[in-house]
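In: Prediction below, plus the sequence it came from.
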Amino acid sequence: PFGVDHRLVVRLGRYILSQMGIVPKNLEVSVREQLEGPTKNTSGVPLKALKDNLEFLEEEIREIKGVDVKFPLDVEGAEYVFFAPVSDYLVEAETLMGIACVLHEAGVSWTIATGNYDAINYGLFYNDEHLETIIGNMIAEVRRLKGKNILIGECGHAFMSAKKFLPMFNRGEELPVVHIIELTSKLIAEKKITLDTRAIAEKVTYHDPCNIARQGWIVEQPRSVIRSFINDFVEMTPAGSDNYCCGGGGGTVTVSDLKHYRMSVAGKKKTEQIVKTGADIVITPCANCKKQIGELITHNKLPVQHAGLHDLIFKAIVMKGAHADE
């Protein structure tokens, strides 16, 4: 009512504290590695480890789906340069395999940039100088590969930081920022991929990550995808742009010292929402939300699983050219 934007107050406070050296240790270590470390990413994943893991995922797809699907690296002139939270390459195999299968099946031109393969931008939680530097590194990689669009994986934080701030710091030709759910929804509508409606029998609900839903960017697209192949879908109350935060927003999910607060206070409403749906699976397309909701499920001993949207798509997607026995 007084016209005070508390978000700007918080950002200014964080910047001042960062200049004073008062920063959560987890955050400081991750940002320092991204800005100054040899790997240039928040989880310290070296390029060799990335390549080894992508080869492993390709073998998994071949074994499970019966099709050769590649994770292309440093392809020049691709329609989309793909950035995922680097932690996905360590802990979200099904999400990445689902994304790769969608892009392969639809014949989408895409690539991963080896000079910068981390979509996370903790400068958003630290200070604007680091925010700009990290955005600049993303732009530089897309320019190097002559890419046409930036494609962000299942991460609300990564999408919002690129979507909102890249236009401020971009110099030169426009680089559209697209979330993978936007693209997948479009490909389904164009009938470029087929999903088996018998693949998921469980009751499913959907958590709207704040960073992609609160501003109305991505609300209907995930629901159109879900309804295209999942028969038992139930909404949370409230849902969409009015949905509750998972309890790990604002970067708090990265701070281990705040776990008790996230479980008992910040995540209380989200736990209640999940229980009321009676769902067997909670879909959440955000790395931070996955971590928080996964911990809420464990902490509260809920009889529920959590998954990314493309985890379920990976189970359901029908691949042309698959072996007859797959």
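Out: Received the coordinates, thanks. Numbering: from 1, shown residues only.

In: Helices along the stretch 101-250 of the chain, start to end?
Out: Per DSSP state H, counting those that start in this stretch, the stretch 101-250 of the chain carries helices over the ranges 128-144, 156-169, 180-189, 210-213, 220-229.

In: Export the ones you listed as TSV, with columns for distance to Ile281 and mean neighbour count.
Out: Just so you know, the C-beta spots here come from the backbone N, C-alpha and C atoms, and that holds for glycine as well. What follows is the helices of the stretch 101-250 of the chain, written out as TSV (distance: least, C-beta to C-beta, whole Å; neighbours: other C-beta atoms under 10 Å):
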stretch	distance to Ile281	mean neighbour count
helix 128-144	32	18
helix 156-169	19	21
helix 180-189	17	20
helix 210-213	19	24
helix 220-229	11	18
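
In: ok, which stretches of the stretch 1-150 of the chain are strands?
Out: Ranges of strands within the stretch 1-150 of the chain are 80-83, 110-112, 149-152, based on DSSP state E, counting those that start in this stretch.

In: how about the ones you listed, which one is nearest Arg7?
Out: Among the strands of the stretch 1-150 of the chain, strand 149-152 comes nearest to Arg7, with 21.3 Å by C-beta to C-beta.

In: contacting residues around that closest one?
Out: By C-beta atoms under 8 Å, 6 or more residues apart in numbering, the residues outside strand 149-152 that reach it are 79-84, 110, 119, 138, 142, 158-159, 162-163, 166, 175-180, 183.

In: Mean confidence (pLDDT) on that strand, please.
Out: Average pLDDT, strand 149-152: 98.

In: For that strand, which strands pair with it and how are they oriented?
Out: strand 80-83 (parallel), strand 177-179 (parallel) (DSSP bridges).

In: Going by neighbour count, which residues in the longest one are buried?
Out: When you say that, I think you mean strand 80-83. Across strand 80-83, burial judged by 16 or more other C-beta atoms under 10 Å covers Tyr80, Val81, Phe82, Phe83.

In: Please list all residues in contact with the third one.
Out: Contacts for Phe82 were tallied using C-beta under 8 Å, 6+ apart; they are Ile99, Trp110, Thr111, Ile112, Leu151, Gly153.

In: was I right about the fourth one contacting Leu73?
Out: Yes - at 5.4 Å, Ile112 counts as touching Leu73 under the criterion of C-beta atoms under 8 Å.

In: circling back: for the helices of the stretch 101-250 of the chain, which one sits closest to Gly3?
Out: helix 156-169 (21.1 Å).

In: now the angle between helix 180-189 and the closest one, please.
Out: Relative orientation of helix 156-169 and helix 180-189, computed by axes from the mean of the first three to the mean of the last three C-alpha atoms, to 10 degrees: 100 degrees.

In: so what does helix 156-169 touch, helix or strand wise?
Out: helix 128-144, strand 149-152, strand 177-179, helix 210-213, helix 287-299 (3 or more C-beta pairs under 8 Å, 6 or more residues apart in numbering; DSSP states H and E).

In: How about residues contacting the shortest one?
Out: Outside strand 177-179, the residues that touch it by C-beta under 8 Å, 6+ apart are Tyr80, Asn149, Ile150, Leu151, Ile152, Phe159, Ala162, Lys163, Leu166, Ile212, Trp217, Ile218.
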